[in-house]
Each structure stands twice: as structure tokens, then as C-alpha cells.
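Novice: Provided below are the primary sequence and the corresponding predicted coordinates.
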Amino acid sequence: MSESDLTRTLVAPLDAQPYEPMPRREWLVTNGLGGYASGTVAGAVTRRYHGLLIASLPAPLGRMMMLNHLLERVRVRGSEPLWLGDEDEVAGPNAADRTGHLAEFTLELGLPVWRYALGGVEIEKRIVMPHGQNTVHVTYRLLSGDGPVRLTLRPSVHFRPYESTVDAGPAQTYSVIANSSGYELLSSIDIPPLRLVMHGRRTALTLDAKGFTGVPYQMEANRGYNSVGSLWSPGYFRAELVPDEPVTLVASTEPWESVHALHPSAARE
């Protein structure tokens, strides 16, 4: 069996009626520990279980939602900012498939790959989880068009057990610690920190805290559960995309030595 036999491609995979109460196409990546990343192909967060890092932590914590969402914005030279999904909020209106920028979605050996065409450039996104680690790599590449392209990523969080409702308490406050390895996002509740680091050209983190209290989860509403939650963002990462220089955001609950054990290029494998 060849690799092409294990590849499935969806061209321009817009949901037919993005605002209707219908299931959307979804993806899932696992880490072999019980942790995972999952979401919709379009990027909309519709279930309590959707997130980019659901870590499998030691008892009594279990599976914890650690990284809920990434707001992805690009700026091509001479153009206005463009969004790959949600627009200009911590998590937006959860209607990320309205723009038509997603040209193609592919499963390669079970791993999700997005290709966006916007502003005269093509950008690829891949998500992988190293086996046996509560870590996720989100990697972006400039496939075609003139660079540099300014990439801005705003992470948002609501630390909670993954099965709890999206408005679950207790109320939390968050803080950010910077060190030579990267950044740690800590909560006022007793759980491990979320460690964040961005690899690429001219990377930086701008602290610009924002909260959003009206994040809708459509599939939770359909199932009769509490369906409006809150997210908080510490700020945004920025980097420059140029040919042959990918940008990778790494999020993890592992010790720093494990977070840095894999070179960012391993996120393509």
C-alpha cells in the first residue's frame, strides 16, 4: 500500500450551510497517552471536546483542556490583514468557513494538512503530536507567493476537564512567565503550566491580554448542554513566513527539555 492510498483530499471544503445546526467535518490527532487535538476542518470550535491540546495528565486530573484555540492572521506585503479562520476576536463567532480561503484539506497518513490561498500566496498548515508527549506542533509554510508574510497567532485558553461544560468553573486568573526556553501560562488552579514556544524567523510574543465571554459551541447546544463559554488570551505571537523557513508553534505540558527535544522540522514527519 502506497502513501497515496492513505491520503484523502477535500477541495474547497466549505460546509454547505455553515450557520445551520449541523455536524461539520472534523479531524483528530492523538498522542498515544490518551491526549489529543481535535476540531473542525473549517476551524470552528463547536464541541466542548475541541481543542489544540487536550493533555492526559496524572490522576486525579486526567484529560485537561489546555489550549482551546488559535486565531490565525496573515498580512501580505501591501495588503490588509487576512484571517485563515475566525476574525479579530479571541475565538470569533465560530463561523470560520465563511471566507473561502481554505483551498484544500488533506489527511496524509491520518494527519491533517490545510492549504490556504489568500492575498496572492499559498500557506500550508500541519498539526502533529509527538508520540508519548502532551505536546502539539502547529507548523505553517509558505508554499508560493512573495514573502515575507507576517503571521500572527493568538492562543486562547480555558483550563478545564475536557468533559466538563464549556462554562465550567471555578473562576481562574492566568499569568505569564517568560524564560530562556519560552513562555509559561499558569492558572490560579493547581494544574501544570502550559508551555509555549514559537520557532521561526523573527518570532516574538506581544502581551495583549483579552477575554471573550460569548464563545458559542453549536453542537453542545444541539445536544442540550450549556453552550456558551469564555476564553482568555495572553497576547499574540508573530513571525515572518518566507520560502523554506517554516514557523512552528509548540504547546506542551511537558518539561522544557522534552518540549525542545524535537526540532521544529520534525512536525512535518
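Specialist: Done, it's in. Treat the numbers as computed from the prediction; the structure is a model and nothing was measured.
Novice: how many other residues sit next to residue 203?
Specialist: For residue 203, the count of nearby residues is 17 (other CB atoms under 10 Å). Every C-beta, even on glycine, is put in place using the N, C-alpha and C of the backbone.
Novice: I'd like to know which elements the helix or strand containing it is packed against.
Specialist: Here residue 203 sits within strand 201-216, counting by DSSP states H and E. Contacts defined by 3 or more CB pairs under 8 Å, 6 or more residues apart in numbering; DSSP states H and E place strand 201-216 against strand 228-241.
Novice: Next, the buried residues of the strand it packs on.
Specialist: 229-241 (16 or more other CB atoms under 10 Å).
Novice: repeat for stretch 66-78
Specialist: 66-76.
Novice: which one of the buried residues of strand 228-241 is nearest residue 48?
Specialist: residue 229 (8.1 Å; CB to CB).
Novice: could you measure that closest one against residue 42, distance?
Specialist: 19 Å (CB to CB, to the nearest Å).
Novice: cool, and residue 228?
Specialist: Residue 228 is 20 Å from residue 42, by CB to CB.
Novice: Now do the same contact list for residue 192.
Specialist: 55, 57, 253 (CB atoms under 8 Å, 6 or more residues apart in numbering).
Novice: isn't the last one right up against residue 54?
Specialist: The reference is to residue 253. No - judged on CB atoms under 8 Å, residue 253 makes no contact with residue 54 at a distance of 10.4 Å.
Novice: Give the residues shared as contacts by these two.
Specialist: residue 66.
Novice: Tell me where the stretch 151-269 of the chain is predicted with low confidence.
Specialist: 263-269 (pLDDT under 70).
Novice: just the strands in it please.
Specialist: 160-161, 174-178, 183-187, 194-199, 201-216, 228-241, 247-252 (DSSP state E, counting those that start in this stretch).
Novice: tell me the most buried of those strands?
Specialist: By mean neighbour count, with neighbours taken as mean count of other CB atoms under 10 Å, strand 247-252 ranks first of those at a mean of 26.
Novice: Who does that one pair with, and is each partner parallel or antiparallel?
Specialist: Partner strands and pairing direction for strand 247-252 (DSSP bridges) are strand 135-144 (antiparallel), strand 194-199 (antiparallel).
Novice: nearest to residue 167, of these?
Specialist: strand 194-199 (20.3 Å).
Novice: For residue 55, give me its contacts.
Specialist: 35, 63-64, 66, 134, 192, 253.
Novice: In CSV: those, plus secondary structure and distance to residue 207.
Specialist: Shown next, in CSV, are these (DSSP: H, G, I helix; E, B strand; the rest coil; distance: CB to CB, whole Å):
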residue, secondary structure, distance to residue 207
35, coil, 28
63, strand, 29
64, strand, 24
66, strand, 19
134, coil, 25
192, coil, 21
253, coil, 21
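Novice: quick one: which of the residues you listed is nearest residue 104?
Specialist: Closest approach between the contacts of residue 55 and residue 104, by CB to CB: residue 35, at 27.4 Å.
Novice: ok, now which ones touch that closest one?
Specialist: Here residue 35 is in contact with 53-56, 63, 129, 134 (CB under 8 Å, 6+ apart).
Novice: again, only this time at 10 Å
Specialist: Listed by CB atoms under 10 Å, 6 or more residues apart in numbering, the contact set of residue 35 reads 29, 53-57, 63-64, 66, 129, 132-136, 162, 253.
Novice: ok, and the closest non-adjacent residue to it?
Specialist: Distances taken as CB to CB, 6 or more residues apart in numbering place residue 56 nearest to residue 35, at 3.9 Å, with adjacent residues excluded.
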